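J.: Fold the following, please.
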Amino acid sequence: MVALLPFILIFVIIYFLMIRPQSKKQKETQKMISSLHKGDKVITIGGLYGTIVGIRENDGVLIIKIADNTKVEISKTAVAKKL
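T.: Reported below is the predicted structural model:
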């Protein structure tokens, strides 16, 4: 029993330092993605800045305007940040 104590302690430390913060960040990202609306300014994971001009809910696609007369279709999961 005493031999298992260090392994249990290491697992608890790993959980609180790595697993728990990652799942918390994932929940926050999912909440941000679900709150996206037309007109929101976003940054993609590829570094593109743009404004959402359309949303296709059925396949999870956002249409963002990155310049005059330039629109790009991206996956909702490609949004890194909402400005």
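J.: What ranges does this structure have for its helices?
T.: Taking DSSP state H, the helices of the chain run over residues 5-14, 20-34.
J.: Of the ones you listed, which shows the lowest average pLDDT?
T.: Mean pLDDT across the helices of the chain is lowest at helix 5-14; the value there is a mean of 88.
J.: CA-only coordinates of it in PDB, if you can.
T.: Only the C-alpha atoms of helix 5-14 are listed here, as PDB (Å, rounded to 0.1, in the frame of the first residue of the first chain):
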ATOM      1  CA  LEU A   5       1.300   6.200  -2.500                       C
ATOM      2  CA  PRO A   6       3.900   8.000  -4.700                       C
ATOM      3  CA  PHE A   7       2.100   6.800  -7.900                       C
ATOM      4  CA  ILE A   8      -1.200   8.200  -6.700                       C
ATOM      5  CA  LEU A   9       0.500  11.400  -5.600                       C
ATOM      6  CA  ILE A  10       2.100  11.800  -9.100                       C
ATOM      7  CA  PHE A  11      -1.200  11.200 -10.800                       C
ATOM      8  CA  VAL A  12      -3.000  13.800  -8.700                       C
ATOM      9  CA  ILE A  13      -0.300  16.300  -9.400                       C
ATOM     10  CA  ILE A  14      -0.400  15.600 -13.200                       C
END
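J.: Tell me how far it lies from the chain's centre.
T.: Put simply, helix 5-14 sits 29 Å off its chain's centre (CA atoms, centre = their mean, to the nearest Å).
J.: going forward, begin numbering at 7 instead of 1
T.: OK, 7 is where the count begins now, so the last one is helix 11-20.
J.: and V59, which of the helices of the chain is closest to it?
T.: Between V59 and the helices of the chain, the tightest spacing by CB to CB is seen for helix 26-40, at 17.1 Å. Just so you know, the C-beta spots here come from the backbone N, C-alpha and C atoms, and that holds for glycine as well.
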